[in-house]
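[1] Please find the sequence and the predicted model below.
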Amino acid sequence: AKAAGRNTYRFFCPSMQEVLDQMAMLENDLRHALVRHELRLHYQPIVRADGSLSGVEALMRWQHPQRGMVYPAEFIGQAEKAGLIVEFGQWALTTACEQLAAWAHDPQTAHLSISVNVSARQFRQPDFAQCVLEILERTGADAHRLKLELTESMLLTDLDALIARMAMLKETGLGFSLDDFGTGYSSLSYLKKLPLDQLKIDRSFVQDMLQTPHAGAIVQTIVSLARGLGLDVVAEGVETSEQWAALRQLGCTGLQGYLFGKPAPVEQLRWGSLMGAHN
Ligand code: C2E
Ligand code: CA
Ligand code: CA
Ligand code: CA
């Protein structure tokens, strides 16, 4: 293609219309993804400070028949716009709970928890709590092993209704985690009102924590804030053993990142402790 000269540039610069056509095609395919059984959950290890496995985060993938594996960045936004995210989210919750129920039979896996991402739109559905109760009952999953990851964008509307819903769901035994903490509209006043169990420090802070003093200070502040409020704190995007050591020293209770394992199909999960040490 290079030999054809500079005119081939056009090939790599599709017109706006082509881009729009592509997106419409993708959205059309997305509408069928669920019934065609093309959605997958990959699981990424979450470890304790000492590196032992405490659970996993469920991350959605779309196995497209032609394009291959499609990642959330390319379809979650589209699914939100197309109104599909609620159904996709219910599917993820159901699949994760089925996995928990299956793990409960094996002493090697029975203690593991699964964290599931819940979109704002999904959480705001009037029947969300009812759906979760039904899924727990139908799958037989132990709610104490389930964590729902919420984002700060959810907290912008009707905080009282949100808190009431969270409190009701917590009666089942499940936990709540506030995802991507520090990137949204954090207000410290709601932190003490919300019935949370965990904060997750966004990857962007962890990535820079040893290079830029500001990022390091933010990580340190989030960890002590979480501990002061009696919450677990999980650092995302841990890629180096230096970051691990620093986070452990700060008192981080959980760690997640490529150092300990990338998201993978359930068959590829390993159960040993100190996973990072073997990578
Ligand atoms: P998230 O919830 O913040 O998930 C963490 C993302 O960071 C994942 O990207 C994961 O693969 C990536 N990651 C983990 N460790 C590392 C690391 O060490 N280095 C780097 N560079 N990246 C790391 P992924 O799987 O592409 O998911 C992206 C986002 O899509 C998620 O961000 C979440 O917001 C959304 N998402 C994924 N699954 C679901 C789902 O089932 N429902 C909803 N509503 N959103 C989902
Ligand atoms: Ca998450
Ligand atoms: Ca996150
Ligand atoms: Ca993120």
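    The structure has been received and is ready for your questions. Ligands and ions are numbered 1, 2, ... in the order given.

[2] which residues sit against the helix or strand containing residue 224?
    Residue 224 belongs to helix 213-228 when assigned by DSSP states H and E. Defining contact as CB atoms under 8 Å, 6 or more residues apart in numbering, one finds that helix 213-228 is touched by 181-182, 188, 191, 198-199, 201, 204-210, 232-233, 235, 246-247, 250-252. For every residue, glycine as well, the C-beta is placed using N, CA and C.

[3] Any residues of the stretch 101-250 of the chain in contact with ligand 1? List them.
    Selection of the stretch 101-250 of the chain residues close to ligand 1 by CB under 6 Å from any ligand atom yields 117, 119, 179-180, 203, 236-237, 239.

[4] Mark which of the residues you listed are part of helices, please.
    residue 203 (DSSP state H).

[5] List buried members of the residues of the stretch 101-250 of the chain next to ligand 1 by neighbour count.
    With burial judged by 16 or more other CB atoms under 10 Å, the buried subset of these is 117, 119, 179-180, 203, 236-237.

[6] Show me which pair in those residues is furthest apart.
    119 and 237 (20.6 Å; CB to CB).

[7] Show the residue spans covered by the helices in the chain.
    Secondary structure of the chain by DSSP H: the helices cover 16-33, 72-81, 85-103, 120-123, 128-139, 159-170, 188-193, 203-208, 213-228, 241-250, 275-278.

[8] Quick check: which of those is nearest to ligand 3?
    The minimum distance between ligand 3 and the helices of the chain falls on helix 203-208, with 6.8 Å, by CB to the ion.

[9] So which bits of that closest one are buried?
    Neighbour count says helix 203-208 has 203, 205-207 buried, by 16+ other CB under 10 Å.
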